[in-house]
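Participant: Need the 3D shape of this:
(chains A and B)
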Number of protein chains: 2
Amino acid sequence: MASRGEDFRTIWLKPDDPTTVQIIDQRLLPHEYHVHDLRSWQDGLVAIRDMYVRGAPLIGATAAWSLYLAALSGANSEVAVREAAEALLKSRPTAVNLRWAVDRILALVDRAAPGTALAELILADAQAICDEDIEISRSIGTHGVALLEAISRKKSGATVNILTHCNAGSLATINWGTATAPIYFAQQRGIDVHVWVDETRPRNQGSQLTAWELAANDVPHTLIVDNAGGHLMQHGQVDIVITGTDRTTRCGDVANKIGTYLKALAAHDNDVPFYVALPSTTIDWNSRDGLTEIPIEQRDAAEVSVAYGVIDGKPVHVRTTAAGTPISNFAFDVTPARLVTGLITERGICEASEVGLLGLFPEMAAS
Amino acid sequence: MASRGEDFRTIWLKPDDPTTVQIIDQRLLPHEYHVHDLRSWQDGLVAIRDMYVRGAPLIGATAAWSLYLAALSGANSEVAVREAAEALLKSRPTAVNLRWAVDRILALVDRAAPGTALAELILADAQAICDEDIEISRSIGTHGVALLEAISRKKSGATVNILTHCNAGSLATINWGTATAPIYFAQQRGIDVHVWVDETRPRNQGSQLTAWELAANDVPHTLIVDNAGGHLMQHGQVDIVITGTDRTTRCGDVANKIGTYLKALAAHDNDVPFYVALPSTTIDWNSRDGLTEIPIEQRDAAEVSVAYGVIDGKPVHVRTTAAGTPISNFAFDVTPARLVTGLITERGICEASEVGLLGLFPEMAAS
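Facilitator: Residues are numbered from 1 along each chain as shown, chains lettered A, B, ... in the order given. Prediction:
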């Protein structure tokens, strides 16, 4: 993040210990900042599944690093890597970057000459995935900031109010974020920005992660409950919505954190532009209809019934519901392309449609 | 509530102590059931303002009982009642029943012959307001249950899935509720019902009140986060939405708990009928355009940042956000009439429009 310097990363090889990968345990934010060691691919799987890390790009990167740890283990690196790959692919069903990263590493393994040191090979690629992700976020920022500049000009320099849902920030990527990159760039260019941060129930990624990183970067922001966005849009208090995505179909349907669809409906009803920022690694070129083709993960009821907070400075978990309350917990929903004003990718901004996406990624036309 | 018998009430005169009114301190549910004494009109004001009681009908009733307590106090009952009325009217700006109840009692005071014992007069009317409210809820239930019966028939007896937001239940009225009355009646008639309960951030009236009262009445239900309703509707898992309202305009715009508008948008987008259940006391006949004319209350940031739960069986409050996070907390939003399929009132079901409402309440045509 800007305030922590250009060198901030959400995942890295431990200095002086190349057998350990380190991450921020995001489950503990904002009340504790704890760096967590991944010493095996199983540690990586737990970190993904139990949401020490989250955010499609960071999930992908963590999977790549986990395969590096797999290659270090056991007598036969290749067997270990393939076993780890299979298990990792099952850990989170919705984010497509997970499959993308695993497939990329496996392709490398497939091409490797017999006797190649797989760990070294995968290490280099995991690092490359992270470096590329940072460049992708930068590009998304460069393209997206133009939208904020245009709104700022139209408002004669008055505050540009951006609403975002969940955390598509630095913490969801390696640095800069997807939805937040245009905001950080706007701030650097002196544009007066203010972010409405959706709390994002049930995991509170908005109140506990986005608010935390915006505060760390001195970006003006206000936390609201997920219910409030429609009211703000009805009263002209939102100029643009920018969210991330966990998977985007070839036709521009967008799977993202549960509740995104409701904000897209409100934006549409109030003529507020609704943009989705994404690295092309989150595009699932094999899927067209998001509503029928994207699997929606159901997660533990405890995410809804248990709140994470502090009492007298001490982090605690409390049950907020009555014991035994039946709970259902869908993690994502799908926003149909018709409600999306545009997609902000590393190659530019396009319409949320097959034509729009193929205009930026013509090499996928034949796929 | 049904499970507590027909005699259940949310507000009552203390047995053997006619100078004390009793309420359930709803702030403590579902973790503690505590009956709270109101011994002065100021106690009543605190109970309304600080949400010991909530729900438009119960707020109105509590105001009426508070005026009774005012009449018991001081040397000059009338002066005390008028002073209390003025203060009570300022305690919650959105619910129109508050003004309705206060105006009704003041009209009684205005008409009283000199020397009349005001306390006795107001006591009788506060009790009448409660009795009438119960009959109104029953009528809403009788009319509304027909909608659920029709869906049940259409589905050949399969489960009727109802989504509700906030608590428009027994706890929001004197008994039976508004949105819940049709559900309780359907259950009595053997219709297979299931309720999706919106958590309803920030105060969690869904997870902490609606889930509690549905469980107490053995109504099948599932708690979901506010973000989930759109996804469920996209996948055919909601047959009808029924909510309450804090104020309805003459033209059918509906002010209700923040987030109601988002559910109405999703219902509209998925052809799910969206009904609002209301006693006619929540109709503001003097207002037409909900978006510009209904004041939207902003409440304390702590409602968003602090969660109420239990640790080891002990009720506690925990701060879930980082200290110092800026927060905005709008309590209500307005759902335009165009998104409302119909209004369920004590006189029947009508279109959400002036024509619809005047069809049921022709005596208001000249007002």
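Participant: how close does the closest residue to chain B within the stretch 1-150 of chain A sit to A:Ile24?
Facilitator: Going by Cβ to the nearest Cβ, chain B is nearest to A:Pro30 of the stretch 1-150 of chain A, at 3.8 Å. Glycine gets a C-beta too; all of them are placed from N, C-alpha and C. Applying Cβ to Cβ, to the nearest Å, the value for A:Pro30 to A:Ile24 is 11 Å.
Participant: Pull the number of nearby residues for the residue of the stretch 1-150 of chain A closest to chain B.
Facilitator: By other Cβ atoms under 10 Å in any protein chain shown, the residues close to A:Pro30 number 22.
Participant: where's it, which helix or strand?
Facilitator: Using DSSP states H and E, A:Pro30 is not contained in any helix or strand.
Participant: For it, give me its contacts.
Facilitator: By Cβ atoms under 8 Å, 6 or more residues apart in numbering or on different chains, the residues touching A:Pro30 are A:Gln208, A:Leu209, A:Ala211, A:Trp212, B:Thr321, B:Ala322.
Participant: And what about the second one, helix, strand or coil?
Facilitator: Put plainly, it is A:Leu209. helix (DSSP: H, G, I helix; E, B strand; the rest coil).
Participant: likewise A:Pro202?
Facilitator: Quick answer, by three-state DSSP: A:Pro202 is coil.
Participant: who's in contact with it?
Facilitator: A:Glu303, A:Val304, A:Asn329, B:Val225.
Participant: Repeat the analysis, applying 10 Å as the threshold.
Facilitator: A:226, A:258-259, A:299-307, A:327, A:329-331, B:199, B:224-228 (Cβ atoms under 10 Å, 6 or more residues apart in numbering or on different chains).
Participant: what does A:Arg92 give?
Facilitator: Counted by Cβ under 10 Å, 6+ apart, A:Arg92 has contacts A:45, A:48-49, A:51, A:54, A:56, A:59, A:63, A:98-99, A:246, A:297, A:299, A:331.
Participant: Ok, A:Ile24 next?
Facilitator: Counting by Cβ under 10 Å, 6+ apart, A:Ile24 has contacts A:Arg9, A:Thr10, A:Ile11, A:Trp12, A:Tyr33, A:His34, A:Val35, A:His36, A:Tyr52, A:Val53, A:Leu58, A:Leu171.
Participant: Buried only: go through those residues for me.
Facilitator: A:Arg9, A:Thr10, A:Ile11, A:Trp12, A:His36, A:Tyr52, A:Val53, A:Leu58, A:Leu171 (16 or more other Cβ atoms under 10 Å in any protein chain shown).
Participant: Among those, which ones are in helices?
Facilitator: A:Leu58 (DSSP state H).
Participant: does the residue nearest to A:Gln205 when sequence neighbours are not counted count as helix, strand or coil?
Facilitator: Spatial nearest neighbour of A:Gln205, chain neighbours left out: A:Asn167 (4.1 Å); criterion: Cβ to Cβ, 6 or more residues apart in numbering or on different chains. Here A:Asn167 is recorded as coil under three-state DSSP.
Participant: Surely A:Asn167 is in contact with A:Val197?
Facilitator: Yes - with contact defined as Cβ atoms under 10 Å, A:Asn167 counts as touching A:Val197 (9.0 Å).
Participant: Run through the residues of the stretch 101-250 of chain A sitting next to chain B.
Facilitator: With Cβ under 10 Å from any Cβ of the partner chain as the criterion, the stretch 101-250 of chain A meets chain B at residues A:165-166, A:194, A:196-204, A:206-208, A:211-212, A:214-216, A:220-235, A:237.
Participant: So which of these are in helices?
Facilitator: Short answer: these in helices (DSSP H) are A:Ala211, A:Trp212, A:Leu214, A:Ala215, A:Ala216, A:Gly229, A:Gly230, A:His231, A:Leu232, A:Met233, A:Gln234.
Participant: which two from the residues you listed end up farthest apart in space?
Facilitator: A:Ala216 and A:Gln234 (31.3 Å; Cβ to Cβ).
Participant: which of the ones in helices among the residues of the stretch 101-250 of chain A next to chain B has the weakest pLDDT?
Facilitator: Note: of those, the lowest pLDDT belongs to A:Ala216, at 93.
Participant: so how far is A:Gln187 from it?
Facilitator: Distance from A:Ala216 to A:Gln187, by Cβ to Cβ: 12 Å.
Participant: go on, A:Asn97?
Facilitator: 26 Å.
Participant: Compare neighbour counts for the two and give me the winner.
Facilitator: A:Asn97 (29 against 21).
Participant: ok, and the closest non-adjacent residue to the more buried one?
Facilitator: That would be A:Gly60: by Cβ to Cβ, 6+ apart, it lies 3.3 Å from A:Asn97.
Participant: Could you do A:Gly177 as well?
Facilitator: Nearest one to A:Gly177, counting by Cβ to Cβ, 6+ apart, is A:Gly169 at 3.8 Å.
Participant: Can you read off the pLDDT for the nearest residue to A:Thr282 once chain neighbours are set aside?
Facilitator: The shortest distance from A:Thr282 to any non-neighbouring residue, by Cβ to Cβ, 6+ apart, is to A:Ala56 (5.1 Å). With respect to pLDDT, A:Ala56 scores 91.
Participant: what's the distance between the residue nearest to the spatial centre of chain A and A:Ile11?
Facilitator: Central residue of chain A (Cα atoms, centre = their mean): A:Gly55, 2.8 Å from the mean position. With the distance defined as Cβ to Cβ, A:Gly55 ends up 11 Å from A:Ile11.
Participant: got any residues that touch both of the two?
Facilitator: A:Ala61, A:Thr62, A:Thr173, A:Ile174.
Participant: Any chance of these in CSV with neighbour count, secondary structure and pLDDT as columns?
Facilitator: Output for the shared contacts of A:Gly55 and A:Ile11, formatted as CSV (neighbours: other Cβ atoms under 10 Å in any protein chain shown; DSSP: H, G, I helix; E, B strand; the rest coil; pLDDT from 0 to 100):
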residue, neighbour count, secondary structure, pLDDT
A:Ala61, 28, helix, 97
A:Thr62, 30, helix, 98
A:Thr173, 32, coil, 96
A:Ile174, 26, coil, 96
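Participant: which of the residues you listed sit farthest apart?
Facilitator: Greatest spatial distance among the shared contacts of A:Gly55 and A:Ile11 (Cβ to Cβ): A:Thr62 and A:Thr173, at 11.5 Å.
Participant: Fine, thanks again, bye for now.
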